[in-house]
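Q: Take a look and give me a structure for this.
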Amino acid sequence: MPVLALLSALFVVGFEQLVQWRFGAAGIVGLLLLTVGVKAKSPAVSSAGAVLLAVLLAGPAL
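A: Below you'll find the model as predicted:
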C-alpha cells in the first residue's frame with residue numbers, strides 16, 4: 001500500500017510539473033480549479049478549470 005501511494009504521489013507531482021512547464025501559471029491555475037472543483041463537488045469551479053485547460057490546449061490550433 002505505501003508503494004502505491006508513493007507511485008501515485010510521484011505521478012501527480014510529475015503531471016503538475018509537466019502542465020506548469022508546458023502551459024505556465026495559467027495551466028497550474030486551471031489544474032488547481034479543476035481539482036478543487038472535483039473534490040468540493042462544485043460543477044462551476046471544475047467547469048471553469050476544465051474550460052481554462054481546454055483553451056490552453058486549443059490555443060495553438062486556433
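
Q: Name the residues that touch whichever strand or helix holds V51?
A: Secondary-structure assignment from DSSP states H and E places V51 in helix 43-58. Taking Cβ atoms under 8 Å, 6 or more residues apart in numbering as the criterion, the residues outside helix 43-58 that touch it are 23, 26-27, 29-38. Backbone N, C-alpha and C define where each C-beta goes, glycine included.

Q: if you set the cut-off to 6 Å instead, what comes out?
A: Contacts with helix 43-58, where a contact means Cβ atoms under 6 Å, 6 or more residues apart in numbering, come from F23, G27, G30, L33, L34, V36, G37, V38.

Q: what would those look like in TSV with secondary structure?
A: Written out in TSV, the entries for these read as follows (DSSP: H, G, I helix; E, B strand; the rest coil):
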residue	secondary structure
F23	helix
G27	helix
G30	helix
L33	helix
L34	helix
V36	helix
G37	helix
V38	helix
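
Q: Same list (these) but as CSV, adding neighbour count.
A: What follows is the contacts of helix 43-58, written out as CSV (neighbours: other Cβ atoms under 10 Å):
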residue, neighbour count
F23, 19
G27, 19
G30, 22
L33, 21
L34, 19
V36, 14
G37, 18
V38, 14
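
Q: Give me the lowest-pLDDT entry from those.
A: The weakest per-residue confidence within those falls on F23 (79).

Q: With adjacent residues omitted, what lies nearest to that residue?
A: Ranked by Cβ to Cβ, 6 or more residues apart in numbering and with sequence neighbours excluded, the top spatial neighbour of F23 is L56, at 4.7 Å.

Q: re earlier: mind listing what's buried along the helix holding V51?
A: Along helix 43-58, these residues count as buried under the neighbour rule (16 or more other Cβ atoms under 10 Å): V45, S46, A48, G49, A50, L52, L53, L56.

Q: Many thanks, have a good one.
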